[in-house]
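1. no FASTA, just this:
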């Protein structure tokens, strides 16, 4: 395994939409350029993208769609985001590959952990789409699983509208306290909205460090990828 820093970045679909349905090219280009900056500094970057700017499986299920089918629709949304991000990373001068958990050979490689690791070692960004390829799994859980399987040093979770983990909603409570660091056990005990429960358990059981940070602010994504102490660090 390479001695270079290797991280997995989790991006929500909502980030890609700039708060609305569909893709905001300016937002995606900015993310891609920030990722490219970190890769030029020698960081190996894998990315898991959500699809909430197109479809959210759980939400569609509440509206009457069968849950499994709704989740598959959500997975297809993540692939659209992955392809857009790949294109903008390529345009930034860094090669990128998309791997998907649902086979779609004309647009992406299948998810193959050893091939993903090889891409990272060669300085390519790997973007994972289609979630786990299974219904009922969130992209948080997929992020933790992929990070563990490709031997990442850290899981980085980028948030919209919040710059870390708080004891209350900081957008509603001006006195909410932000944690600089936390343990997974404490997050579970206090029911803090860090990442979903399955992902949290995976990280805790396997000793994977997670950093929750806000996407706002100049160069926040690059700084997180480079190992800056921003947001909230969650450890076992």
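-> Yep, that arrived. Values in this document were obtained by computation on a predicted structure and should not be read as measured data. Numbers count the residues shown, from 1 in each chain.
2. packing partners of the helix or strand of the chain with the lowest mean pLDDT?
-> Lowest by mean pLDDT, DSSP states H and E among the helices and strands of the chain is helix 57-62, with a mean of 77. Applying 3 or more CB pairs under 8 Å, 6 or more residues apart in numbering; DSSP states H and E, we find helix 57-62 packed against helix 67-91. Every residue, glycine included, has its C-beta placed from N, CA and C.
3. buried set for the helix it packs on?
-> Residues 70-90 are the ones in helix 67-91 that count as buried (16 or more other CB atoms under 10 Å).
4. now do the helix or strand following that helix: distance to the chain's middle.
-> Counting by DSSP states H and E, the element after helix 67-91 in chain order, helix or strand, is strand 96-100. From the chain centre to the centre of strand 96-100 is a distance of 14 Å (CA atoms, centre = their mean, to the nearest Å).
5. quick check: residue 112 touching residue 99?
-> Yes: with contacts counted by CB atoms under 8 Å, residue 112 reaches residue 99, the gap being 6.8 Å.
6. looking at these two, which one has more neighbours?
-> A direct count of neighbours by other CB atoms under 10 Å for residue 112 and residue 99 places residue 99 higher, at 21 against 11.
7. quick one: the strands in this protein?
-> 6-11, 44-49, 96-100, 109-110, 125-129, 154-159, 165-166, 178-179, 181-183, 209-214, 232-235 (DSSP state E).
8. given the last one, what are its sheet partners and their directions?
-> Each strand that strand 232-235 pairs with, and the sense of that pairing, follows from DSSP bridges: strand 181-183 (parallel), strand 209-214 (antiparallel).
9. so, low pLDDT: which residues of this protein?
-> The model of the chain has pLDDT under 70 over residues 1-2.
10. including distance to residue 203, could the strands of the chain go into TSV?
-> Formatted as TSV, the strands of the chain follow (distance: least, CB to CB, whole Å):
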stretch	distance to residue 203
strand 6-11	11
strand 44-49	14
strand 96-100	21
strand 109-110	25
strand 125-129	17
strand 154-159	7
strand 165-166	13
strand 178-179	16
strand 181-183	11
strand 209-214	6
strand 232-235	7
